[in-house]
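Student: how would this look folded up:
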Amino acid sequence: MKNSKKKILLTGASGFLGRHTLSLLQKYYDVYPVYRNKKVHDTVNGIFLDLALYDTFHEYEKLFKSIDIVVHLSSTIPSHETNDPYYLQNIMSTVNLIKAFPHVEKFLLASTVDVYGTSFVNPLTENTATHPENYYAISKLTSEYFVSEALKTHAIILRFSQIYGSGDNSLKIIPTFLHALKNNQQNITTGDLSAMRDYIFVTDAAEAIRLAIGSNVSGVFNVATGTSYKISDALEKIRAIARKEIIIHATPGKKIDYYFNINKAKNMLHFLPKTSLENGLTQMISNEL
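Tutor: As a prediction, the model looks like this:
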């Protein structure tokens, strides 16, 4: 019997969001995860190539012709405050995928709310003007332009707010705080604790991807919960759940609040976040500590 499942190429499969998305999509599709290192990843349907080097695509030319959907999560994410031009890799990877897959039914690009910059009026909608302020945000917005122009009605772009969950090794505040607790640090220094953030649990983010590629719509969507918390409130929840104490030193700086309107994702993708911040943190802490 012929396999009727659609074929998905998933980039960034070894990343934080990618691992959760792979696990979810494998229940519904034939997924071909893309990795850079064959020695590290021995997996079913695994593809091994450097997305920024188009010459590496030729080995899989026959397979690529059968791909129905591309989910592009791979990205060079900042490990510290920098404007290093290596973020050009984000743009080249996207351009190469567009060249290799002009025929796909849908091309989903994972982007970021960082494209809005820091000078905006809340709540943020998809019509809020974009003002990227670093190379990472510029690379993501440039990738958005390429995908939208090349693939038009086949393109869907998800701008994620701050994703958190098990396996996040980034320098964002929640994993940094958990790392400090795990290592029994006595104190931690962070920015303005009164700043508002919208934290979305990683399984909800993965579900947004599933809904998006299964829809008949295209365009740009903010993916968040629609509820923002003070950073201090999120950290207090972690301390209460973990039952550990740590001294937090806040450093003065520019206060930037983020509030998101997610009505477009709700109405067109039928996306509704299911995991509260407390429940998400509880799951994360049970796995991390």
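Student: can you pull out the helices in the protein?
Tutor: Counting by DSSP state H, the segments of the chain that form helices are 16-25, 61-64, 88-100, 135-151, 173-182, 202-213, 231-242, 263-269, 277-288.
Student: show me what the fifth one packs onto, helices and strands only.
Tutor: Read it as helix 173-182. In this structure, helix 173-182 packs against strand 162-164, strand 187-190, helix 231-242, helix 277-288, with contacts taken as 3 or more Cβ pairs under 8 Å, 6 or more residues apart in numbering; DSSP states H and E. All C-beta atoms are positioned from the backbone trio N, CA, C, and that covers glycine.
Student: so which of these is the most surrounded?
Tutor: strand 162-164 (a mean of 23; mean count of other Cβ atoms under 10 Å).
Student: returning to that earlier point: so which of the helices and strands packed on helix 173-182 is nearest residue 70?
Tutor: For these, the distance to residue 70 is smallest for strand 162-164, at 20.2 Å, taking Cβ to Cβ.
Student: picking that back up, any idea which of the helices and strands packed on helix 173-182 scores lowest on pLDDT?
Tutor: Lowest mean pLDDT within these: strand 187-190, at a mean of 87.
Student: how far is it from where the chain is centred?
Tutor: On the basis of Cα atoms, centre = their mean, to the nearest Å, strand 187-190 is displaced by 25 Å from the centre of the chain it belongs to.
Student: now do that strand: everything it contacts.
Tutor: Contact with strand 187-190 is made by 173, 176-177, 180, 231, 246-251, as judged by Cβ atoms under 8 Å, 6 or more residues apart in numbering.
Student: partner strands of that strand, parallel or antiparallel?
Tutor: Next to strand 187-190 in the sheet, as set by DSSP bridges, lie strand 247-250 (parallel).
Student: buried sites along the strand it pairs with?
Tutor: Buried residues in strand 247-250, defined by neighbour count with 16 or more other Cβ atoms under 10 Å: residue 248.
Student: all set, thanks.
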